[in-house]
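**Student:** need the 3D shape of this:
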Amino acid sequence: VSTSFGRYGSRSSPWSISLGKRLEGPRNGGPSLSVQSGLATTLMEATGDKDPLVQEQIFSALCALGQAEPEEVLNACEEYLRQHEKLAHPHRVILLRAMEAVVKSSLAQLDKSTAKIVIFLASSEMTKSKEAFPEWQQAASTVLVAVGRRFINQVMEEMLTKFQPGVLPHCFVVLTFANLSVTN
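**Tutor:** Got it, this is the predicted structure:
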């Protein structure tokens, strides 16, 4: 994966390379991570940059990395979003858009367990707020629709849990159902 990271190219990383394909870092108590997962995490941490060009480069780099190692990148994105609950919506959107692109490019190879993790994350992101944050919620919805092209039963099962008797469903749940029906 080769890409330019703008002003991040010369930034010193807290990661140190140990034996070939493993990285050891200070995060999460210092466990070893794969190179792809460590690189994905470093990219995700840089989404806080306010420069749209840098954000687009990060998105492109995550997509390229995801084409090479889709399972690792999807799992790293899920873990990062889960661990960073207070991450601003625009930065969450970047990661969800990257996840959608990775899912679309590797849907045939995606295993069921990773699909379930992605489905649960996207469903949670989409319905986390009762307030409308269309860009964020739409990004999560499109991840569900992308995964639903192959794992429709799992996506439908998750979406049905969002329907509660006597409570109006979240508007993006209804929109996701509509988009799933058009896509499939």
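**Student:** and the residue nearest to residue 130 when sequence neighbours are not counted, what's its pLDDT?
**Tutor:** Leaving aside its sequence neighbours, residue 130 sits nearest to residue 170 (CB to CB, 6 or more residues apart in numbering; 7.7 Å). The C-beta positions use only the backbone N, C-alpha and C, and glycine is treated the same way. In this model, residue 170 is scored at 90, pLDDT.
**Student:** please give me every residue in contact with residue 170.
**Tutor:** 126-127, 130, 162 (CB atoms under 8 Å, 6 or more residues apart in numbering).
**Student:** buried members of these into ChimeraX, please.
**Tutor:** Restricted to buried positions by 16 or more other CB atoms under 10 Å, the ChimeraX selection for the contacts of residue 170 reads:
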select :126,127,162
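**Student:** lowest-scoring secondary structure element of this protein by mean pLDDT?
**Tutor:** strand 16-17 (a mean of 27; mean pLDDT, DSSP states H and E).
**Student:** could you dump the contacts of residue 170 to a markdown table with pLDDT, distance to residue 117 and secondary structure?
**Tutor:** Formatted as a markdown table, these follow (pLDDT from 0 to 100; distance: CB to CB, whole Å; DSSP: H, G, I helix; E, B strand; the rest coil):
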| residue | pLDDT | distance to residue 117 | secondary structure |
| --- | --- | --- | --- |
| 126 | 96 | 15 | helix |
| 127 | 94 | 17 | helix |
| 130 | 83 | 24 | coil |
| 162 | 92 | 18 | coil |
